[in-house]
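Undergrad: following is a predicted model, sequence given first.
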Amino acid sequence: MKSKTTAAILAFFLGGFGVHRFYLGQPILGIVYLLLCWTFIPVFVGLIDFIVLLSYSDQKFNSKYNKTNQKTRHFQPVSNPNKGKANTDDLVNLTSRKVGSNTTEMTIDLNEENLVALFKEKQKQREAEIRNFNYVLMQIQRQGLQLLESINILNTTKNLDTLIGRYDFVSKMYDDFVKASHNKRYISDIQVAIDQYKSMYYDRILKDYELQLLVRPDHENLTDYYSDCLFNCFNGFYKEQLEQIENLKRDDAKQRRKEKVVEIADMTISEFDKNGSDNDRFKPMLNSLREIIDNLDSRERKPLAETKELNNPIVINPKSTFELTLYNANQKEIKKAIQILRDDNIWNKEKDLLPLFTAHNIKCKEIEDYISEYKPQYHKFIEQAKAKSDEYKSASEMDRLDIENEFIEEAINNLYEKAACELDILFEGSDIPETFDDELIKEYGFETISKYIGFSYRKDKIISNWERTEFEDLLKADLAISGSDLPNEEVLFSLTLKTLNKIAEKEEGLFKRKQKAVDYLKENPKLLDNIGKHVSTRSMFKIKPLPEKFKNIDLDSLSASWSYVKEYIRLLTHTYRDSERCTEDIKGDKSWIKGFRVEKHEDFVPDFICQRARKECDKKYSKNRPPKLPFHVGCNCNLRKEI
């Protein structure tokens with residue numbers, strides 16, 4: 001008996017090795033192993049191995065065949081010999097043809113025959129699931145009670161997280177009711193659960209649609225019911241929060257509460273999207289949610305009806321994601337600025353807008369609102385930092401300036417909304433009166449004064465190595481001198497020692513210091529005639545002081561004022577551009593996307609910290625409620641579509 005057992009075990013392994021060798025493509029070794037196998041056990045064992053061998057060979061053949069076919073398959077319509085077993089690859093017919101030299105036209109058609117076959121196959125599978133469902137009386141009654149309790153929670157809760165969690169619980173077990181409802185005993189058994197619920201919660205009146213979800217379970221009805229619950233949940237939460245907001249005393253607390261309501265509304269709309277409730281019955285609900293959000297968002301710009309005090313206000317981008325309003329000048333000049341902003345052929349808009357804004361003092365309401373909101377916070381932070389810093393109090397004058405720069409950077413990063421510009425210039429420059437340079441521009445023109453300010457940093461020195469055309473306007477306006485009008489002594493001090501030695505008719509290197517060379521030439525005035533031999537004074541210039549009537553204008557303040565206007569225009573142009581781009585991005589068909597996300601600039605530039613961007617990038621926005629970028633003037637967040 002023991003020898004027979006050993007022989008059987010050995011034969012088993014030999015047979016297995018034989019089959020394995022056939023599978024590896026070594027038929028000779030396979031046959032050898034099988035012959036050895038047959039010497040140890042009866043012939044029928046070998047026959048079994050042979051059957052297994054055929055099975056493996058067939059699998060290997062089919063595997064090779066499939067791999068070959070995968071390379072050459074083109075989704076052509078295939079007649080299906082196995083009725084009721086449709087292949088999803090055969091549902092589409094793809095054809096292509098060349099149109100022109102570099103264009104290919106593709107046509108995709110549905111294979112209706114295979115599509116119907118697939119549908120019937122899925123239907124049979126579903127019928128088999130229902131037929132084979134394990135109907136357990138106690139389980140159905142227990143889950144029926146749980147479903148009724150959950151329906152009540154879905155219909156009454158004001159907490160969105162509770163609603164989402166409870167619906168997830170119901171969804172996981174609801175298909176059991178759908179399958180169980182085909183059992184003849186279902187109605188009578190589920191009635192027991194209903195009666196038990198009524199006895200336990202006698203004060204809760206079951207509504208018809210709630211009973212319908214249990215008596216005649218249907219997934220589509222449950223989906224629609226959840227959408228109704230989403231809207232009811234938010235409405236209850238919204239009314240509750242409005243009452244609490246009215247009782248709050250601090251404005252910042254009210255603002256935070258409103259932002260929380262807006263956040264919950266966005267999450268509610270996102271749940272609508274996930275639930276797939278896109279039919280017309282739910283459109284009024286979604287519109288109502290959007291209207292609530294727009295009304296609550298206090299950071300939205302006020303309509304023009306509320307800004308009657310503005311001088312000639314014009315909205316430059318109506319119905320955009322971020323409307324901008326220009327004012328404080330006549331409409332003709334404002335429309336010129338709008339035309340420049342809208343012209344895609346003008347790439348350097350700041351250069352073309354600067355003359356208009358400086359000459360006519362054009363303002364933007366949204367930028368002014370930003371400055372009025374955040375400038376006090378900026379200064380308050382810096383002053384508090386100075387008061388708390390012992391190092392600053394005991395530091396020298398230059399060290400204090402260095403420490404103040406650190407405080408300025410901290411103050412800017414501490415702002416809730418950080419505009420992408422030089423905020424210290426924007427905040428400090430807004431203190432300069434807007435009209436103090438008006439007479440100067442009127443007298444000389446913007447271009448001339450612009451050049452004058454550009455060269456003012458060298459106002460006490462000779463300026464050389466410049467093209468004369470750069471100074472023509474200044475010379476005509478008598479704001480600069482050149483050539484023989486330049487003082488000889490100043491010309492000499494602007495020259496190199498090598499040139500001074502030539503003018504003095506001395507050997508190179510004789511004078512080692514400019515002062516000695518200049519003193520020698522002053523003592524020998526005839527040598528000054530040599531200046532023209534070695535230097536072109538026509539290419540040397542000096543900025544003159546402003547006339548006496550403009551003595552109250554400080555050039556440093558004028559330069560700071562124009563730097564402020566440049567940052568102002570930079571904010572305007574960037575915000576306008578980004579609002580137009582975002583408006584285009586959220587238009588059109590959104591059926592192919594899941595939602596939106598906000599990408600903050602800090603992800604690419606770690607030093608750029610915006611508190612609001614950090615908050616917004618953590619949110620998920622539904623496709624029906626995209627974020628309105630830019631969030632504020634100078635916002636550099638990006639909109640990303642989730643596919």
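TA: All right, it came through fine. Numbers count the residues shown, from 1 in each chain.
Undergrad: for the stretch 351-500 of the chain, what spans make up the helices?
TA: With DSSP state H, counting those that start in this stretch, the ranges of helices along the stretch 351-500 of the chain come out as 365-388, 390-394, 397-413, 423-429, 438-444, 446-455, 472-476, 488-493, 497-503.
Undergrad: in a markdown table: these, plus mean neighbour count.
TA: No exception for glycine: its C-beta is placed from N, CA and C like everyone else's. Below are the helices of the stretch 351-500 of the chain laid out as a markdown table (neighbours: other CB atoms under 10 Å):
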| stretch | mean neighbour count |
| --- | --- |
| helix 365-388 | 16 |
| helix 390-394 | 11 |
| helix 397-413 | 14 |
| helix 423-429 | 20 |
| helix 438-444 | 16 |
| helix 446-455 | 18 |
| helix 472-476 | 16 |
| helix 488-493 | 16 |
| helix 497-503 | 18 |
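Undergrad: wait, Val535 touches Leu492, no?
TA: No: counting by CB atoms under 8 Å, Val535 does not reach Leu492; the two are 9.4 Å apart.
Undergrad: find residues that contact each of these two.
TA: Taking CB atoms under 8 Å, 6 or more residues apart in numbering as the contact criterion, the common neighbours of Val535 and Leu492 are Ile503.
Undergrad: which residues of this protein score low on pLDDT?
TA: 1-94, 96-110, 276-279, 297-308, 508-509 (pLDDT under 70).
Undergrad: that one - how does it break down into domains?
TA: 2-72, 88-130, 311-459+545-643, 460-544 (automatic domain parsing).
Undergrad: mind putting these into a markdown table with distance to Leu147?
TA: Below are the domains of the chain laid out as a markdown table (distance: least, CB to CB, whole Å):
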| stretch | distance to Leu147 |
| --- | --- |
| domain 2-72 | 46 |
| domain 88-130 | 19 |
| domain 311-459+545-643 | 28 |
| domain 460-544 | 84 |
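Undergrad: buried deepest among the ones you listed, which one?
TA: Across these, averaging neighbours per residue (mean count of other CB atoms under 10 Å) puts domain 311-459+545-643 on top, at a mean of 17.
Undergrad: start and end of that one, how far apart?
TA: 46 Å (CA to CA, to the nearest Å).
Undergrad: distance from that domain to the middle of the chain?
TA: How far domain 311-459+545-643 lies from its chain's middle: 20 Å, per CA atoms, centre = their mean, to the nearest Å.
Undergrad: cool, and stretch 487-496?
TA: Using CA atoms, centre = their mean, the offset of stretch 487-496 from its chain centre is 58 Å.
Undergrad: contacts for that stretch, please.
TA: So stretch 487-496 is contacted by 461-462, 464, 500, 503, 514, 517-518, 521-522, 528, 531, 535, 537, 540, 542 (CB under 8 Å, 6+ apart).
Undergrad: Arg612 against Ala419, yeah?
TA: No: with contact defined as CB under 8 Å, Arg612 does not reach Ala419; the gap is 10.8 Å.
Undergrad: which residues do those two both contact?
TA: With CB under 8 Å, 6+ apart as the test, Arg612 and Ala419 both reach His632, Cys635.
Undergrad: all strands of the stretch 101-250 of the chain, in order?
TA: 104-110 (DSSP state E, counting those that start in this stretch).
Undergrad: which residues in it form helices?
TA: 112-131, 137-156, 160-180, 186-200, 208-215, 219-247.
Undergrad: contact partners for Phe272?
TA: Phe272 neighbours (CB under 8 Å, 6+ apart): Ser227, Leu230, Phe282, Met285, Leu286, Ser622, Asn624.
Undergrad: quick check: it vs Ser288, distance?
TA: Here the criterion is CB to CB, to the nearest Å. By it, Phe272 lies 12 Å from Ser288.
Undergrad: one more: Ser464?
TA: 71 Å.
Undergrad: over to Glu127?
TA: 42 Å.
Undergrad: try Val565
TA: 44 Å.
Undergrad: next one: Gln125
TA: 41 Å.
Undergrad: equivalent analysis for Tyr186, please.
TA: 38 Å.
Undergrad: those two: which is more packed in?
TA: Tyr186 (19 against 14; other CB atoms under 10 Å).
Undergrad: which parts of the stretch 251-400 of the chain are strands?
TA: 314-315, 325-327, 363-364.
Undergrad: next, Lys418: phi, psi?
TA: phi -100, psi 120 (degrees, to the nearest 10).
Undergrad: who's in contact with the residue lying closest to it once chain neighbours are set aside?
TA: Leaving out its chain neighbours, the residue that sits closest to Lys418 by CB to CB, 6 or more residues apart in numbering is Cys610, at 4.0 Å. Residues near Cys610 by CB under 8 Å, 6+ apart: Leu415, Glu417, Lys418, Lys600, His601, Glu602, Cys635, Cys637.
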